[in-house]
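Peer 1: Dropping a prediction and its sequence here:
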Number of protein chains: 2
Amino acid sequence: MKDLKGEILAMVEKDLAEIEIALTDNLNPYLDLVSDVAKHILFAGGKRLRPLLMVLSARICGYQGNYDKVFSTIFEYLHAATLLHDDLVDGAELRRGKPVANRIWGNSTTVLVGDFLLARGLSIAAATGKPRIIKIIAEITENMSQGEIHQLMRKGRLDITEEEYLEVIWRKTAVLFQGACRISSIIANSPKRYEKALSEYGNNLGIAFQMADDLLDYTLDTNALGKKVGADLKEGKITLPVIYALKKAGRTDRHRMESIIKNNKFSVREFKLLIELLEKYGGIAYTKERAKEYIEKGKRALLVFKPSKTRKLLEYIADYALVRKT
Amino acid sequence: MKDLKGEILAMVEKDLAEIEIALTDNLNPYLDLVSDVAKHILFAGGKRLRPLLMVLSARICGYQGNYDKVFSTIFEYLHAATLLHDDLVDGAELRRGKPVANRIWGNSTTVLVGDFLLARGLSIAAATGKPRIIKIIAEITENMSQGEIHQLMRKGRLDITEEEYLEVIWRKTAVLFQGACRISSIIANSPKRYEKALSEYGNNLGIAFQMADDLLDYTLDTNALGKKVGADLKEGKITLPVIYALKKAGRTDRHRMESIIKNNKFSVREFKLLIELLEKYGGIAYTKERAKEYIEKGKRALLVFKPSKTRKLLEYIADYALVRKT
């Protein structure tokens, strides 16, 4: 397979550099501590996927203004805010190999800096001067918090269905991708069908992205992931590979899987056995297949736009979501 | 003194009833759990001061629309969100005599429901269709989070100055009061001088309100306060009565105060001694005096409006902020 990541990066180098600058320039806190905590999470090697999607979506809509990079920060700030609050929720210790913010600055400061980032995102949204955009951004935030709460409510519950899993990942992940792609068309005053297409693209990409992310927990080693193997499971997150395998397994194997999952201090050996069972019952293959379908659906939505370098890039990004290793 | 509270309540009974309904109607979560946690904090006997200020400010500006109650919920939702996040920050156990949300539902759910309430507030702000209002609301949220962080940074520090204290309470409390009064004039399409007057009124009221609140910690018994005596001090919050008394005290008494403050397990006897010293060096009288000045300044700003029942009410509310016992 070609080096998709390298190819994408070469094509968006200038955009990414400008996004980095915008992320610093628009943060604008009055306290150094806020800046320190925010930058700890903002500049920890994130892929800038969400702001990049916003910038590319604006470009494919023919946006000619100078504010695409500024507005793209909304999506990274919201994302960073949820990471700060989620790490607290998840009780995680590391993110991308660095200690999570709440282990350094404590829960209180971390929660409040998360609030600040949420508010910054919404302030910048307000600067678009378009109430519809602001409404979309505020609704994204509502959905993300409810998605996380939903996930938390179902923590460790083995009776979660694929449908419920989809509902959760749509809210917690896909709505932000969808928003990043969609609001660009509004800023660019594009026809409705462009908004619809980008909305569809972002939504499907977001779902596939989260499925691929959930798969990483069962397919990668610790170094590549920057967090502990089996971390999702230890936090009680029952994701699609497990949901599917549990449904398909016979009684004995289901019991074996359940006993590993329920014991959140499982050994590496037990975890490997679990992966074997996930593979045996097709949980991993099924999740890959579903993610692929969403990616294909997302790419099809882009056909409303005529072929261009930007459309190609958006297609590459969709493909990359499936094969990424970090 | 006349029964100011009773008089105000009689005058706003209908408004308050409508605000209660709006608070339920506009919450709109998809998860019952979100509703449960949000209602735990929203319907715990709050005074609805912020939404009421919004409604009365709209009225004094001659607002004729039907959305004042809906928009007034913004300020109660933001307030409730900060309470949820602050209780976590403060490590408090009780609020208004009830266990705080994080003791019942855990930190994670509480943080996320706070996020949801913030987002709801901003969604409703977006529904005004006025980007300036949305900008103001988003900036309020930025300020509140930074005010709380600032307070946290200075926790237990005895070298905090009156100036810094004012900066903190302006951000954490006054900007929300100011916003509640100010945006009404924008919704009502009032002349700029009305916005300026209401902004000034709200700002001064907010500062006085917080000073009065800080005084309650040194003037009330546990029952009236619904939390433990000396709670602010135990959380390391050094407020104006203490700041002033420390500045005025001679060396020996200052050391006596400092040793009580630094020991956050002080006894009731020690706390009483501290109050005596606060009184001796005028910390309580000075704070009352300053709060009174802010109230007078706030009331003077209202003189731009011709005398009316609504103006009278706003004046009464300002007076009440000084004498309230809860």
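Peer 2: Here it is on my side, so go on. Quantities reported herein were computed from a predicted structural model and do not represent experimental measurements.

Peer 1: Tell me, how many residues neighbour the closest residue to chain B within the stretch 201-326 of chain A?
Peer 2: Distance from chain B to each residue of the stretch 201-326 of chain A (C-beta to the nearest C-beta) is smallest for A:Glu235, at 10.6 Å. In short, each C-beta sits where N, CA and C put it, glycine included. A:Glu235 has 16 neighbours, counted by other C-beta atoms under 10 Å in any protein chain shown.

Peer 1: by contact count, what packs against the strand or helix carrying A:Phe71?
Peer 2: Assigned by DSSP states H and E, A:Phe71 belongs to helix A:68-90. Contact here means 3 or more C-beta pairs under 8 Å, 6 or more residues apart in numbering or on different chains; DSSP states H and E; on that basis helix A:68-90 packs against helix A:4-25, helix A:32-42, helix A:49-60, helix A:101-126, helix A:131-153, helix A:175-187, helix B:101-126.

Peer 1: what lines up beside the helix or strand that that helix is followed by in the sheet?
Peer 2: Beyond helix A:68-90 in the direction of the C-terminus, DSSP H and E gives the next helix or strand as strand A:94-95. Next to strand A:94-95 in the sheet, as set by DSSP bridges, lie strand A:98-99 (antiparallel).

Peer 1: what does the partner strand contact?
Peer 2: Strand A:98-99 has contacts (C-beta atoms under 8 Å, 6 or more residues apart in numbering or on different chains) with A:His40, A:Ala44, A:Glu93.

Peer 1: With stretch A:285-300 instead?
Peer 2: Stretch A:285-300 is contacted from outside by A:200-205, A:207-208, A:211-212, A:214-215, A:239-241, A:244, A:279, A:314-315, A:318-319, A:321-322, using C-beta under 8 Å, 6+ apart.

Peer 1: Likewise for stretch A:8-23?
Peer 2: Residues outside stretch A:8-23 that contact it (C-beta under 8 Å, 6+ apart): A:42-43, A:48, A:51-52, A:55-56, A:69-70, A:72-73, A:76-77, A:309, A:313, A:316-317, A:320.

Peer 1: Check stretch A:38-52 too.
Peer 2: Contacts with stretch A:38-52, where a contact means C-beta under 8 Å, 6+ apart, come from A:12, A:15-16, A:19-20, A:22-24, A:27, A:29, A:69, A:72-73, A:75-77, A:79-80, A:83-84, A:95-96, A:98, A:101, A:104, A:113, A:116-117, A:176-177, A:180, A:209, A:317.

Peer 1: Could you rerun that using 6 Å?
Peer 2: By C-beta atoms under 6 Å, 6 or more residues apart in numbering or on different chains, the surrounding residues in contact with stretch A:38-52 are A:16, A:19, A:23, A:27, A:72, A:75-76, A:79-80, A:83-84, A:96, A:98, A:101, A:113, A:180.

Peer 1: next one: stretch A:238-245
Peer 2: Here stretch A:238-245 has contacts from A:Ile160, A:Glu162, A:Tyr165, A:Met211, A:Asp214, A:Tyr218, A:Leu278, A:Tyr281, A:Gly283, A:Ile284, A:Tyr286, A:Thr287, using C-beta under 6 Å, 6+ apart.

Peer 1: give me that answer again for 7 Å
Peer 2: Residues from elsewhere that reach stretch A:238-245 (C-beta atoms under 7 Å, 6 or more residues apart in numbering or on different chains): A:157-158, A:160, A:162, A:165, A:211, A:214-215, A:218, A:232, A:257, A:261, A:277-278, A:281-284, A:286-287, A:290.

Peer 1: circling back to that earlier point, I'd like to check the angle between the helix holding A:Phe71 and helix B:101-126, please.
Peer 2: Orientation check (axes from the mean of the first three to the mean of the last three C-alpha atoms, to 10 degrees): helix A:68-90 against helix B:101-126 gives 160 degrees.

Peer 1: Could I have the CA atoms of helix A:68-90 written out in PDB?
Peer 2: The C-alpha coordinates for helix A:68-90 follow below in PDB (Å, rounded to 0.1, in the frame of the first residue of the first chain):
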ATOM      1  CA  ASP A  68     -11.000  29.500   7.400                       C
ATOM      2  CA  LYS A  69      -8.000  28.800   9.600                       C
ATOM      3  CA  VAL A  70      -9.400  30.900  12.400                       C
ATOM      4  CA  PHE A  71     -12.700  29.100  12.300                       C
ATOM      5  CA  SER A  72     -11.000  25.800  12.000                       C
ATOM      6  CA  THR A  73      -9.700  26.300  15.500                       C
ATOM      7  CA  ILE A  74     -13.200  25.900  16.800                       C
ATOM      8  CA  PHE A  75     -13.100  22.200  16.100                       C
ATOM      9  CA  GLU A  76      -9.700  21.600  17.700                       C
ATOM     10  CA  TYR A  77     -10.600  23.600  20.800                       C
ATOM     11  CA  LEU A  78     -13.800  21.700  21.200                       C
ATOM     12  CA  HIS A  79     -11.900  18.400  20.700                       C
ATOM     13  CA  ALA A  80      -9.200  19.400  23.200                       C
ATOM     14  CA  ALA A  81     -11.900  20.400  25.700                       C
ATOM     15  CA  THR A  82     -13.500  17.000  25.500                       C
ATOM     16  CA  LEU A  83     -10.100  15.300  25.800                       C
ATOM     17  CA  LEU A  84      -9.400  17.200  29.000                       C
ATOM     18  CA  HIS A  85     -12.800  16.300  30.400                       C
ATOM     19  CA  ASP A  86     -12.700  12.700  29.100                       C
ATOM     20  CA  ASP A  87      -9.300  11.900  30.500                       C
ATOM     21  CA  LEU A  88     -10.800  12.800  33.900                       C
ATOM     22  CA  VAL A  89     -13.800  10.700  33.100                       C
ATOM     23  CA  ASP A  90     -11.800   7.800  31.900                       C
END
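
Peer 1: tell me the angle of it relative to helix A:175-187?
Peer 2: Angle of helix A:68-90 versus helix A:175-187, following the same axes, to 10 degrees, is 160 degrees.

Peer 1: Now do helix A:68-90, average pLDDT.
Peer 2: Average pLDDT, helix A:68-90: 91.

Peer 1: could you check the angle helix A:4-25 makes with it?
Peer 2: Going by the same axes, to 10 degrees, helix A:68-90 makes 90 degrees with helix A:4-25.

Peer 1: Tell me which other helices or strands the helix or strand A:Glu163 falls within touches.
Peer 2: Element membership for A:Glu163, per DSSP H and E: helix A:162-169. Secondary-structure packing of helix A:162-169 (3 or more C-beta pairs under 7 Å, 6 or more residues apart in numbering or on different chains; DSSP states H and E): helix A:131-153, helix A:240-248.
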